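**Q** quick one, what's the 3D model for this:
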Amino acid sequence: MPDYGHEIEFGYFLTPDAGDPDGVLMTARLADQLGYDLLGVQDHPYQRRHLDALALLGMILASTERIRAFQAVGNLPLRPPAVFAKAAATLDVLSGGRFEAGLGAGGFLEPAHAMGAPALTPGESIDALEEAVEILRESWNGVRSVRHHGRHYQLEGMKPGPSPAHPIEIWLGAAKPRALALTGRAADGWVAPMMIYMPPAEIPPAEELIDAAAREAGRDPRAIRRVYIVSGEFTPVAPAPARETDQTIVGPPGHWVEALTHFALDLGFSTLILATPPDLDTLRTFIEDVAPQVRERVAAARG
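**A** As a prediction, the model looks like this:
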């Protein structure tokens, strides 16, 4: 299924650089002023060079006006779901409904364990993620008490609150079959690995797994938003023809328009996140020159 029909959105992938906190906030405010739809913030709590993602997101949402934000993606082993549910709802309430929940099973389990997370195998981490999605859904649906008796999480009548300001979507970062299947069964969105790790040629088989799991669970695959983090460089010279194995986009704005339109119409990505150094010209070119043309082309193709 090439185009899942979601509104096309554009975002920026923000590195929470602890060495330049003022620059990080300045970039977030700039993205907001330029008209970006989303900011995705890396969440690696064990990385000493990074600011804490959730605390940073609170500052970002407080200092911006319209841009939405999410963890790209949140480290579940170090953020227990009952506590994360409250933090996410709080950020959503305080920002007027501008927080989405990006979550992952934890790609670096050993550093997380060194920081106090449970010692999990990759398979156990997927099981824990599935339990977490259940807990988040229940915590945000207005019930007065949450009980959960799983293998990884035990809740004995937790009192959830506050209620989010809008229906927070759960976007799962997934690359391997079990995580992709979980995304199809239970998530509102799929955050694909960055283009440098999963080039376009590897996307269709992953989406087939998501879609098959969605149908098996009685869901329409079109209910799942697809998010792609792309990297590259704007150059004045026209490049060689793009290949599906390319891991970056390099070329003038017109070449980027062709590539991102392909990602939207042929690969199904409706949310396209730019991952480059926070250069003003690059940020402006992406959102002012590339994004409008991609939106126009997708709208024309949809008829």
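
**Q** drop to CA atoms for contacts and neighbour counts, all remaining ones
**A** Noted.

**Q** need the CA coordinates for stretch 32-49. CSV is fine.
**A** Only the C-alpha atoms of stretch 32-49 are listed here, as CSV (Å, rounded to 0.1, in the frame of the first residue of the first chain):
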residue,chain,number,x,y,z
ASP,A,32,8.8,26.8,15.4
GLN,A,33,9.2,30.3,13.8
LEU,A,34,9.9,28.8,10.4
GLY,A,35,6.8,26.7,10.5
TYR,A,36,8.0,23.1,11.1
ASP,A,37,5.3,20.8,12.3
LEU,A,38,7.4,18.6,14.6
LEU,A,39,10.6,18.3,16.6
GLY,A,40,12.0,14.9,17.3
VAL,A,41,14.4,14.7,20.2
GLN,A,42,16.8,11.8,20.7
ASP,A,43,16.4,10.0,24.1
HIS,A,44,19.6,8.4,25.3
PRO,A,45,19.7,9.0,29.1
TYR,A,46,23.0,7.0,29.4
GLN,A,47,24.7,9.4,26.9
ARG,A,48,26.7,11.8,29.0
ARG,A,49,26.9,14.3,26.2
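
**Q** show me what counts as buried in it.
**A** Judged by neighbour count (16 or more other CA atoms under 10 Å), stretch 32-49 contains these buried residues: 32, 36, 37, 38, 39, 40, 41, 42, 43, 44, 45, 46.

**Q** state the mean pLDDT of it.
**A** Averaging pLDDT along stretch 32-49 gives 95.

**Q** follow-up on the earlier one: now intersect the buried residues of stretch 32-49 with the strands, please.
**A** 38, 39, 40, 41 (DSSP state E).

**Q** ok, those residues vs residue 208, which is closest?
**A** Residue 208 lies nearest to residue 40 out of these, by CA to CA, at 25.0 Å.

**Q** tell me who's in contact with that closest one.
**A** Each residue near residue 40 by CA atoms under 8 Å, 6 or more residues apart in numbering is listed here: 11, 12, 13, 14, 69, 70, 71, 72, 73, 273.

**Q** distance check, the first one against residue 53.
**A** Right, residue 11. 17 Å (CA to CA, to the nearest Å).

**Q** immediately after the longest helix along the chain, which helix or strand?
**A** Criterion DSSP state H: the longest helix present in the chain is helix 122-139. As assigned by DSSP states H and E, the chain's next helix or strand after helix 122-139 is strand 146-149.

**Q** so what touches that following strand?
**A** Contact with strand 146-149 is made by 135, 138, 139, 154, 155, 156, 157, 158, 159, 160, as judged by CA under 8 Å, 6+ apart.

**Q** 6 Å - rerun?
**A** 154, 155, 156, 157, 158 (CA atoms under 6 Å, 6 or more residues apart in numbering).

**Q** give the buried residues for the next helix or strand after it.
**A** As assigned by DSSP H and E, the chain's next helix or strand after strand 146-149 is strand 154-158. Residues of strand 154-158 include none that count as buried (16+ other CA under 10 Å).

**Q** C-terminal to strand 154-158, what's the next element?
**A** strand 170-173.

**Q** partners of that next one in the sheet?
**A** As defined by DSSP bridges, the strand partners of strand 170-173 come to strand 101-104 (parallel), strand 189-191 (parallel).
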